[in-house]
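Asks: This is the structure alone, sequence omitted:
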């Protein structure tokens with residue numbers, strides 16, 4: 001992405017190059033954004049059973065990992081699938 005994340009990016013869906021849903025941007029901070037992962041992206045071992053009820057996992061993406069952005073979605077570059085990562089750069 002040629003620009004930093006902006007407030008208007010909050011709420012956008014994040015998808016992989018193949019079109020698989022990753023999650024939704026919930027917070028932006030310059031060149032990084034926090035993505036609330038979709039439930040099917042969260043592996044059971046990542047959830048602390050003693051944690052807060054309704055706990056959802058997030059990951060951080062860097063603007064360099066973004067291929068392009070529209071008014072509704074942010075598409076990650078090829079190979080930037082966050083399945084096993086917590087930070088995508």
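Replies: Sure, I can see it. Quick caveat: nothing in here was measured; it's all calculated off a predicted structure.
Asks: Got phi/psi on the spatially closest residue to residue 7 that is not a sequence neighbour?
Replies: Leaving aside its sequence neighbours, residue 7 sits nearest to residue 28 (Cβ to Cβ, 6 or more residues apart in numbering; 6.4 Å). Backbone N, C-alpha and C define where each C-beta goes, glycine included. When quoted as degrees, to the nearest 10, the phi and psi of residue 28 stand at phi -120, psi 150.
Asks: List the contacts of residue 28.
Replies: Applying Cβ atoms under 8 Å, 6 or more residues apart in numbering to residue 28 gives the contacts 4-7, 9-10, 34.
Asks: Now residue 6. Nearest residue, chain neighbours left out?
Replies: For residue 6, the spatially nearest residue (Cβ to Cβ, 6+ apart) is residue 28, at 6.5 Å.
Asks: Just want the most central residue of this structure.
Replies: Nearest residue to the geometric centre of the chain (Cα atoms, centre = their mean): residue 35, 3.4 Å.
Asks: From residue 25, how far out is that residue?
Replies: 6 Å (Cβ to Cβ, to the nearest Å).
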